[in-house]
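**Q** Next comes the sequence, and after it the predicted model I'd like to discuss.
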Amino acid sequence: MANRRKKQRQSEYFFDYSLLFIVLFLLGFGLVMLYSTSSYEAAQDYGSSTFFLEKQLKATILGLAAMMVVANIPYHFWEKFYGLGYVASVVLLLLIIPFGHESGGAKRWFRIGGLSIQPSEIAKLCMILFLAVMICKMGKGIRSWKGFIAVILMPLPVVLMVWKITSNLSSAIIIMGIAVLMVFVASPDYKKFILMGVIGAAGVALVVFLIVNAASADGLNYRGERVLAWLDPEAYVSDTGYQTLQALYAIGSGGIWGKGLGQSMQKLGFIPEAQNDMIFSIICEELGLFGAVAIILMFVMLIWRLMVIANNAPDLFGALLVVGVMGHMAIQVILNIAVVTNTIPNTGISLPFISYGGTAVLFQLAEIGLVLNVAKRIQLKEV
Amino acid sequence: MLESGNRTFHRKKITIIFFLCAFVLLLLFFRLVYLMIAKADYYAAKAVELHERERSIKAARGRILDCNGNVIADNKTVCTISVIHSQIEDKEEVIAVLCRELGLSEEYVRARVEKFSAIERIKSNVDKETGDRIREYDLAGVKVDEDYKRYYPYGSLASKVLGFTGSDNQGIIGLEVIYDKYLEGEKGTILTVTDARGIEVEAAGESRIEPVNGNDLHLSMDMNIQSYATQLAYQAMETKQAESVSIIVMNPQNGEILAMVNVPEFDLNNPYELSDQILMGAGVSSGDARDNLSAEDKQDLLNAMWRNGCINDTYEPGSTFKIITAAAGLESGVVTPNSNFSCPGFIVVEDRRIRCHKVGGHGAEDFVHATMNSCNPVFITVGLRMGAETFYNYFEQFGLLKKTGVDLPGEAGTIMHKLENIGEVELATISFGQSFQITPIQLLTTAASIVNGGRRITPHFGVKITDADGNLIETLEYPVTEGIVSEETSATMREILELVVAEGGGKNAYIEGVRIGGKTATSQTLPRGSGKYIASFVGFAPADNPQVIAIAIINHPQGQYYGGMIAAPIVRQLFENILPYLEIMDYNENGVLETPEN
């Protein structure tokens, strides 16, 4: 009797195959597009057309393994590691200063053996865990101004380190964005967030206004120039606007139906390292508006699945973990597409599951594993 | 576990996040629609512009052929050797081979091979055999492009008439300019698609627009006559130490020019190399001075060397112009062949005393003899009888005020007094061919039109255009003005001019058994008293039905300078050779060899 009940209960637990399918689809699609995008340049530069594909495939397999492992570890297991995660992030970021590997003008990576590891990707996951635990611990304290400000301030050291040490503004924005979204979910208030939104929008508008009105571009730093290049990429084609303009050429030449898989011209060195942040523009060029919309819809479905899981999570901790992952995915997808289409100034953000980047895909898959475990704990009976 | 109260607001907020994200993605979707539909053409065009490299393929320029079908301007295949920096694999091998095959210094080749550029030209105008040899090495990064180069088999013959072409297949001077649109053809293009490094993408293929080769131009020029006339001109230039000698041979019936010589000629295959004559004429003879010529000076000298005196320069025609004065006088009726005159050796016009070339005067003579004697006072009298207006009208009627319309570039116009400025003295000097200037081609054309029955013809070289296989594309036609003088006046002029050669001042052009008409001239160049003369002779044959007319002009001869003495023999020699050739004269039929009477 007891055995039968247990069996019954277990079968009523939930495994989110939809989410798994969406992620696997994005991974498969990403590998195909990665190969299409990088093969020509890989053959030119490394003598092997599958150079990038092989590296990404290894990271993906590793990531899938990590996902399966994490999916089978009850998520409360991680609760005790929140402090360690935070400290580890800080230490890793500090270690970048003496041991970091520089590439493309920025120090963002560790090289261990043949692997390169990007600490800011690790920091994203650690921050999700840390904030979820902190918010649960505070309980109703989050509702006070004091609690609110405390939670907002907690990720700031890591955010500032990611920004300044690895000169990676985009990752810093993503971590901050994740934090804000988690606090938003945890606190019943709206006013604070609307106020924050308004202040933020006003601040951005002011910065853009100041840059545009600056007497000369000479006095502006790198980011200032990026803002000007965003407003008029064709005027900055020789330097800052080049990548953006090339991406626009690729998107525009795709048209409605695209040139067909593998037919991109812009990937032949016109867009530097197209397999990284600009891969979406090659998707547009080869698969057209339809391909681009299909990918956007897949990401909308991914976020929708994450929403469903968060809404049905057995406890606040689980819900917050899923919200963190959801925020991570959503912010990165939105910012990436916005950058590629020159909707916002150019800043390096990769497209989850599709862009080339081993650490990113590994940790994104680990996050999905975490979410799958939260989903497993949903009791269908209660729903 | 979430408390039920909390759960609602958590859920609500999570749902808000989802819809917020979905909304932002929807906005990005519209942005994509804008970029990929509204701006698609714009960006696609920009991208194509970025990817495509255009290479043009030269069209083979049409040939130029003489009236016998001899090719006088042809194309030779030459090669251009270039290197593509990014494709070179074995740099040292490339340098070694190019140095050896092209005979260039290692330093020169190395600088170009190592230069970081898309494509670097090493040498052009390399002959085809060398190009083929280099191609056989099959070196990565070395490109051998075949190209056409204009080639003139006859070298300097008719150089100032034919002209030559520039590096872009375009005519620079002469017939090559005038007939450019027939000869040049249409360039083809190869459109290739390249990656960001400039390497051609093979899979993309190339689209090719084939060039359309130029058409062939057939001339009335006869290279045999041209060649002989050139020989005569050089001979005269040498013996008379003249500055230059020009000869034009034309068919007076239709204006087809058979030969046009302006010696010294220049080498059409090396048109930018200054000839020794030109350098000597400019006082630049030593090697140093030659090397120190400024670009501007050099260009001036080149222009002088390329100048076609028959067309581009005017001169005072002198006594040959009496053909025109006589025709006008006869046509207007102020004089007949039998009109009697008396020449005391001079004539007084207003306050001027104008001398005849015969100091004692020719005494009593009729108009025919006055022409044979080239008597200035008689022609002045004829001119004065007509009056300025009538004479000016004949000028116009004969076509002297307009250009001849010859198919060569840069024809000079007539330099003539305005009608209202022609007083008695001017009228008198015009009558014997002074105080105004015309081109040699103008004089010859007008004389031809007077003796051919009064049809003003257009002198020309171009006869027809055919394609490379000889299929007719276009027959070139030229305007003819009928009745500039009456048939009767024309016949009278032919008779008088035949007598000039048979018994008068042109007797040095006489060939036994051929009826030749003609007129001599000796004119002093401006300023008067410089001792520089132009000796000339216009002759035509047969006198009763002219089939060929020629002019010989000797500029600044040393020693003997009378046209009758030095220019007339040139035309005689020319006719002696070309009349049998043109089947106008048969030595056997015309009784040069005495046929025994039965």
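**A** Yes, it's here.
**Q** Could you report the pLDDT at B:Asn588?
**A** Predicted confidence (pLDDT) at B:Asn588: the value is 56.
**Q** which residues does the residue nearest to A:Ser48 when sequence neighbours are not counted contact?
**A** Distance criterion C-beta to C-beta, 6 or more residues apart in numbering or on different chains; nearest residue to A:Ser48, sequence neighbours excluded, is A:Ala42 at 6.2 Å. The way it works is simple: take the backbone N, C-alpha and C, and place the C-beta from them, glycine included. Contact criterion C-beta atoms under 8 Å, 6 or more residues apart in numbering or on different chains gives A:48-53 as the residues in contact with A:Ala42.
**Q** let's go with 10 Å and repeat that
**A** The contact partners of A:Ala42, by C-beta atoms under 10 Å, 6 or more residues apart in numbering or on different chains, come to A:35, A:48-55, A:275.
**Q** need those in a markdown table with secondary structure and distance to A:Phe110, can you?
**A** Shown next, in a markdown table, are those (DSSP: H, G, I helix; E, B strand; the rest coil; distance: C-beta to C-beta, whole Å):
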| residue | secondary structure | distance to A:Phe110 |
| --- | --- | --- |
| A:Tyr35 | helix | 26 |
| A:Ser48 | coil | 25 |
| A:Ser49 | coil | 28 |
| A:Thr50 | coil | 25 |
| A:Phe51 | helix | 21 |
| A:Phe52 | helix | 20 |
| A:Leu53 | helix | 23 |
| A:Glu54 | helix | 21 |
| A:Lys55 | helix | 16 |
| A:Gln275 | coil | 21 |
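**Q** Next, name the residue at the spatial heart of the chain.
**A** Going with chain A. Centroid-nearest residue in chain A, with C-alpha atoms, centre = their mean: A:Gln332, separated by 3.9 Å.
**Q** think we crossed wires, I meant chain B
**A** Nearest to the geometric centre of chain B sits B:Gly174, at 1.7 Å (C-alpha atoms, centre = their mean).
**Q** Can you give the distance of stretch A:82-102 from its chain's centre?
**A** 19 Å (C-alpha atoms, centre = their mean, to the nearest Å).
**Q** Ok, stretch B:365-372 next?
**A** The chain centroid and the centroid of stretch B:365-372 are separated by 39 Å under C-alpha atoms, centre = their mean.
**Q** Same check on stretch B:458-475?
**A** How far stretch B:458-475 lies from its chain's middle: 17 Å, per C-alpha atoms, centre = their mean.
**Q** Stretch B:509-520 now?
**A** On the basis of C-alpha atoms, centre = their mean, stretch B:509-520 sits 30 Å off its chain's mean C-alpha point.
**Q** Tell me the span between the first and last residue of that stretch.
**A** For stretch B:509-520, the separation between the terminal residues is 10 Å (C-alpha to C-alpha, to the nearest Å).
**Q** Sort out which residues of it are buried, please.
**A** B:509-511, B:514-520 (16 or more other C-beta atoms under 10 Å in any protein chain shown).
**Q** Who are the packing partners of the lengthiest strand in chain A?
**A** Criterion DSSP state E: the longest strand present in chain A is strand A:106-112. If you count contacts as 3 or more C-beta pairs under 10 Å, 6 or more residues apart in numbering or on different chains; DSSP states H and E, strand A:106-112 packs onto helix A:82-99, strand A:101-103, strand A:115-117, helix A:119-138, helix A:156-165, helix A:358-376.
**Q** quick one: the host helix or strand of A:Glu285 near chain B?
**A** Assessed by DSSP states H and E, A:Glu285 sits inside helix A:279-311. Yes - against chain B, helix A:279-311 shows contacts by C-beta under 10 Å from any C-beta of the partner chain at A:280-281, A:284-285, A:288-290, A:292-293, A:296-297, A:299-300, A:303-304, A:306-311.
**Q** what sits against the residue of the stretch 1-150 of chain B found nearest chain A?
**A** Nearest residue of the stretch 1-150 of chain B to chain A: B:Tyr43, at 2.2 Å (C-beta to the nearest C-beta). By C-beta under 10 Å, 6+ apart, the contact set of B:Tyr43 is A:245, A:247-255, A:285, B:35-36.
**Q** In three-state terms, label it for me.
**A** The local conformation at B:Tyr43, judged by DSSP: H, G, I helix; E, B strand; the rest coil, is helix.
**Q** Just give the nearest non-adjacent residue to it, would you?
**A** B:Tyr43 sits nearest to A:Gly252 (C-beta to C-beta, 6+ apart), 2.2 Å away.
**Q** and the contacts of B:Tyr43, which are buried?
**A** For those, buried by 16+ other C-beta under 10 Å: A:245, A:247-255, A:285, B:35-36.
**Q** and the residue of chain A nearest chain B?
**A** A:Gly252 (2.2 Å).
**Q** May I ask which helix or strand encompasses that residue?
**A** Secondary structure assignment for A:Gly252, by DSSP H and E: helix A:242-254.
**Q** could you say what helices and strands that helix packs with?
**A** Applying 3+ C-beta pairs under 10 Å, 6+ apart, one finds that helix A:242-254 contacts helix A:222-231, helix A:279-311, helix A:316-340, helix B:4-33, helix B:40-51.
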